[in-house]
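*Asks:* with the input below, show me the fold.
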Amino acid sequence: MDVSDGDHGNNDHRHGFLGREALDLGALLLAAGASHVVVLSLGHSDGGVRTLIGVGVLLLAVSALHRWHRHRAAHAPRRRGPRADAAGTGPAAGADPAPTGGAAPDGGAGAGAAPYAAHDPADDRLWGVRVTVADVPGGLAALTARFAALGVDIRLMQVHPAGTDAVDEFFVSAPAHVGEEALHTAVREAGGRDALVRPADVHELSDTTSRTLALVSALIAGSATLERSLLALTAAHEVEHAGSPPAGLGREDLSGASMTLPAPDGGVLTVRRNGVPFTAVEFARCRALVQVASSLHARTRRG
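*Replies:* Here you go, the predicted model:
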């Protein structure tokens, strides 16, 4: 409520004070007079006394029944709540009415809310999920709804624009009974493609900027090689050092699930990832990391 609303309410109360008091007093006097007339009319006969007593008992009984009914209605939802949630009809199950396909808990989003309610969070496992989705309204919502139906908690998410599509990268915490196949099924049923599901490490639960700075720091300190840093930055499967780029690629090029980068000490680094193409954003990050390594290499040679 804003300030003008509060002032308006206070002014109404101040200007209408005498009018409401007169109305209340008039109603009270009218009720007292009516009661007096009823008592005088019925109170001097035996039948009148019994009538007054009967009406009083009836009013008390109706009032007590009404209060009992209201008390029961107020407490009924709390008694039904746990049973409803356990049966899969509570808020957790109602979050996604679409995936009612009847799949088993490991089989995808049709599992409902029962696995989520039953699992022990201490046994959760961390997964990295990377998937390409259509960059349209509702595309991401369908996937997150499937995750919710499995009891999967999204800890970190990054979006890589890729034209008409978007590459979404999730780090999720899933119940122990939800394995790689169940996550693949959830992605597929939500319309995702080119999915990569892998076990993740708690150290990966940081934003890309923080992770890149940590990798740069490790390069400067000499505690990590450039190849290892590229693997950590892109979740790639292989980094190969060769004298020349593979056929069809230049020294600094991007093609699907392969990219080439100039090595600081000469030659070419070829970064490969199985099944999931690199995005232009990832290519730019890797180029920046290589430039840092090249600067460090040049400084070492001068020193």
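
*Asks:* just to be sure, residue 155 is in a helix?
*Replies:* No. Judged by DSSP: H, G, I helix; E, B strand; the rest coil, residue 155 forms no part of a helix; its state is strand.

*Asks:* okay, how far is it across stretch 215-232, tip to tip?
*Replies:* One end of stretch 215-232 sits 8 Å from the other (Cα to Cα, to the nearest Å).

*Asks:* quick check: buried residues in it?
*Replies:* 215-216, 219, 224, 226-227, 229-232 (16 or more other Cβ atoms under 10 Å). C-beta here means a position set from N, CA and C on the backbone, and glycine is covered the same way.

*Asks:* do stretch 205-218 as well
*Replies:* 211-212, 215-216.

*Asks:* could you list the residues in contact with it?
*Replies:* 126, 155-156, 158, 171, 204, 224, 229, 232-233, 285, 288-289, 292 (Cβ atoms under 8 Å, 6 or more residues apart in numbering).

*Asks:* just stretch 294-303 next, same as before
*Replies:* 219-220, 262, 264-265.

*Asks:* residue 173: helix or strand, and which one exactly?
*Replies:* Residue 173 is part of strand 165-174 when elements are defined by DSSP states H and E.

*Asks:* show me what that strand is packed up against.
*Replies:* Contacts defined by 3 or more Cβ pairs under 8 Å, 6 or more residues apart in numbering; DSSP states H and E place strand 165-174 against strand 125-134, helix 139-149, strand 153-162, helix 180-189.

*Asks:* sort out which of the contacts of stretch 205-218 are buried, if you could.
*Replies:* The neighbour count (16+ other Cβ under 10 Å) marks 126, 156, 171, 224, 229, 232-233, 285, 289, 292 as buried among these.

*Asks:* contact partners for the nearest residue to residue 163 once chain neighbours are set aside?
*Replies:* Leaving aside its chain neighbours, residue 163 sits nearest to residue 135 (7.8 Å; criterion: Cβ to Cβ, 6 or more residues apart in numbering). Contacts for residue 135 (Cβ under 8 Å, 6+ apart) come out as 161-166.

*Asks:* sec struct for residue 300, please.
*Replies:* Per three-state DSSP, the local secondary structure of residue 300 is helix.

*Asks:* how many neighbours does residue 258 have?
*Replies:* 20 (other Cβ atoms under 10 Å).

*Asks:* residue 25 too?
*Replies:* Burial measure for residue 25: 10 neighbouring residues, criterion other Cβ under 10 Å.

*Asks:* going forward, the N-terminal residue is numbered 17.
*Replies:* Yep, numbering from 17; the last one is residue 41 now.

*Asks:* other SSEs contacting the helix or strand containing it?
*Replies:* Using DSSP H and E, residue 41 sits in helix 33-58. Helices and strands touching helix 33-58, as assessed by 3+ Cβ pairs under 8 Å, 6+ apart, comprise helix 62-102.

*Asks:* coming back round to it: and of the contacts of stretch 221-234, the nearest to residue 207?
*Replies:* Lowest distance from residue 207 to these (Cβ to Cβ) belongs to residue 174, with 19.3 Å.

*Asks:* can you give me the distance of the closest one to residue 35?
*Replies:* Per Cβ to Cβ, to the nearest Å, residue 174 is found 64 Å from residue 35.

*Asks:* cool, and residue 212?
*Replies:* Using Cβ to Cβ, we find residue 212 at a distance of 74 Å from residue 35.

*Asks:* what are the ranges of the strands in the stretch 167-316 of the chain?
*Replies:* Listed in chain order, the strands found in the stretch 167-316 of the chain under DSSP state E, counting those that start in this stretch are 169-178, 181-190, 209-215, 254-258, 269-271, 274-278, 284-288.

*Asks:* and the shortest one, how far from the chain's centre?
*Replies:* Counting by Cα atoms, centre = their mean, to the nearest Å, strand 269-271 is centred 35 Å from the centre of its parent chain.

*Asks:* strand partners (parallel or antiparallel) of that strand?
*Replies:* Here strand 269-271 is paired, per DSSP bridges, with strand 274-278 (antiparallel).

*Asks:* pull the distance from stretch 266-285 to the chain's centre.
*Replies:* 38 Å.

*Asks:* so for that stretch, mean pLDDT?
*Replies:* The average pLDDT for stretch 266-285 rounds to 93.

*Asks:* can I get that stretch as PDB, trimmed to CA atoms?
*Replies:* Extracted in PDB, the C-alpha atoms of stretch 266-285 (Å, rounded to 0.1, in the frame of the first residue of the first chain):
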ATOM      1  CA  GLY A 266      43.800 -23.800 -40.400                       C
ATOM      2  CA  ARG A 267      46.300 -23.000 -37.600                       C
ATOM      3  CA  GLU A 268      43.500 -21.200 -35.700                       C
ATOM      4  CA  ASP A 269      40.200 -22.600 -36.700                       C
ATOM      5  CA  LEU A 270      36.900 -24.000 -35.500                       C
ATOM      6  CA  SER A 271      34.900 -26.900 -37.100                       C
ATOM      7  CA  GLY A 272      32.200 -28.700 -35.100                       C
ATOM      8  CA  ALA A 273      33.700 -30.600 -32.300                       C
ATOM      9  CA  SER A 274      37.300 -29.700 -33.200                       C
ATOM     10  CA  MET A 275      39.300 -26.500 -32.900                       C
ATOM     11  CA  THR A 276      42.900 -25.700 -33.700                       C
ATOM     12  CA  LEU A 277      45.000 -23.100 -31.800                       C
ATOM     13  CA  PRO A 278      48.600 -22.000 -32.300                       C
ATOM     14  CA  ALA A 279      50.900 -23.500 -29.700                       C
ATOM     15  CA  PRO A 280      53.100 -21.100 -27.800                       C
ATOM     16  CA  ASP A 281      56.300 -23.000 -28.600                       C
ATOM     17  CA  GLY A 282      55.300 -23.600 -32.300                       C
ATOM     18  CA  GLY A 283      53.100 -26.100 -34.000                       C
ATOM     19  CA  VAL A 284      49.300 -26.500 -33.500                       C
ATOM     20  CA  LEU A 285      47.100 -27.600 -30.600                       C
END
